[in-house]
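Task: produce atomic coordinates for the following.
(2 chains)
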Amino acid sequence: MRIATFNVNSVRARLPNLLEWLGSAAPDVVLLQEIKCQDEQFPALELEAAGYHVAVHGQKSYNGVAILSRAAIEDVRRGLPGAESEGDEQARYIEATIGGIRVASLYLPNGNPAPGEKFDYKLRWMRRLIDHARTLLATQTPFVLGGDYNVCPTDADVYDPVNWQNDALCRPESRALFRELCHLGLTEAFRALHPEPGRYTFWDYQGGAWQRGQGLRIDHLLLSPQAADRLVACDIDKEPRSREKASDHTPIWVELS
DNA sequence: ATGGTAGGGGGCCTA
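You can find the predicted model right below:
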């Protein structure tokens, strides 16, 4: 089973590109972020016509996550635990079961500027994610937490680490919580299979970042032990970023046996 | 020091 994650930066603006990529890459499951629309605006008919079931957790204007799957989607959860008590109304998390695997599409807060309220929200959100991952691990079932983490785990994941060291994506606090999440027993699939630095999933629209190769690796797939046992391959698909009307992110995928 | 780009929505905010 091939599971991909793709921050599309508006699913409606990206629909032609997304449909073309689905046709060529043919993933079994796609975790979408930044769909930037409400549930009723999600292009479900077009994606169902392409052969996918859909589960959506949308929001007006900002954020929004979704799951596409060739097989049936069951037991959908929308939002991280603690959303109510935190007063968190941002649509950044959706989780469901597909073929016996629990999959989540997450859009972690950017957190800039740091320090500040937005950075505090990012760190709180990461702690909630860690708590939830602990709960999922206790089930001892295979699961995949994929999405836009808005964290460059190490300097090898940044084109210019010195200039980015105080950015919320690279700050020590962000990296420490990302490590804490991994150290619960999760496998960061790309880095587990690819030691080389300079492999990115995001290139800013500004300043010709794509053409200059100035990227960041911020989209990740974290596997539970039972999923990691089935890890066959993982890679970044750079092709969609080269297109006209591209998202500023490109997909990354894992193949599980 | 500034503005560079893209998207949504509505006359700025987020990234």
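
quick one, strands of chain A?
Under the criterion DSSP state E, chain A carries strands at the ranges A:2-7, A:29-33, A:53-57, A:65-69, A:74-78, A:93-98, A:101-107, A:143-148, A:187-188, A:202-203, A:215-216, A:219-223, A:231-236, A:252-256.

DNA strand B contacts on the stretch 1-150 of chain A?
If contacts are counted using Cβ under 7 Å from any atom of the strand, the residues of the stretch 1-150 of chain A sitting beside DNA strand B are A:9-10, A:12-14, A:36-37, A:60-62, A:109-110, A:112, A:118. Heads up, the C-betas are built off the backbone N, CA and C, glycines and all.

By neighbours, which of those wins?
Using other Cβ atoms under 10 Å as the neighbour criterion, A:R14 leads these with 24 neighbours.

And for it, nearest residue in space, chain neighbours not counted?
A:V8 (4.3 Å; Cβ to Cβ, 6 or more residues apart in numbering).

That neighbour against A:W21, yeah?
No - with contacts counted by Cβ atoms under 8 Å, A:V8 stays clear of A:W21, the gap being 9.6 Å.

and the two? which has more neighbours close in?
With neighbours defined as other Cβ under 10 Å, A:V8 and A:W21 compare such that A:V8 has more, 26 against 23.

Backbone dihedrals for the more buried one, both of them.
According to degrees, to the nearest 10, the main-chain angles of A:V8 amount to phi -90, psi -10.

Contact partners for it?
Contacts here follow Cβ atoms under 8 Å, 6 or more residues apart in numbering; on that basis A:V8 touches A:14, A:18, A:32-35, A:247, A:249.

what about 7 Å?
With contact set as Cβ atoms under 7 Å, 6 or more residues apart in numbering, A:V8 has these partners: A:14, A:18, A:32, A:34-35, A:247.

list the contacts for A:A114?
For A:A114, the residues meeting the contact criterion (Cβ under 7 Å, 6+ apart) are A:166, A:168, A:171.

of all the residues you listed, which comes closest to DNA strand B?
The shortest distance between DNA strand B and any of the contacts of A:A114, using Cβ to the nearest atom of the strand, involves A:A168 and amounts to 9.0 Å.

residue boundaries of the helices in the stretch 151-257 of chain A?
Taking DSSP state H, counting those that start in this stretch to define them, one finds helices in the stretch 151-257 of chain A at A:161-164, A:172-182, A:189-193, A:209-212, A:225-228.

contact partners of the third one?
Counting by Cβ under 7 Å, 6+ apart, the neighbours of helix A:189-193 from elsewhere in the structure are A:153, A:220-221, A:223, A:231, A:234, A:252, A:254.

Kindly recompute the last result at 10 Å.
Counting by Cβ atoms under 10 Å, 6 or more residues apart in numbering, helix A:189-193 makes contact with A:3, A:144, A:146, A:153-154, A:156-157, A:182, A:187, A:199, A:201, A:217, A:219-223, A:227-228, A:231-236, A:252-256, all of which sit outside it.

circling back to that earlier point, can the contacts of A:V8 go into a markdown table with extra columns for distance to A:Q211 and pLDDT?
Written out in a markdown table, the entries for the contacts of A:V8 read as follows (distance: Cβ to Cβ, whole Å; pLDDT from 0 to 100):
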| residue | distance to A:Q211 | pLDDT |
| --- | --- | --- |
| A:R14 | 20 | 98 |
| A:L18 | 23 | 98 |
| A:L32 | 26 | 98 |
| A:E34 | 23 | 98 |
| A:I35 | 27 | 98 |
| A:S247 | 16 | 98 |
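
No further questions, thank you.
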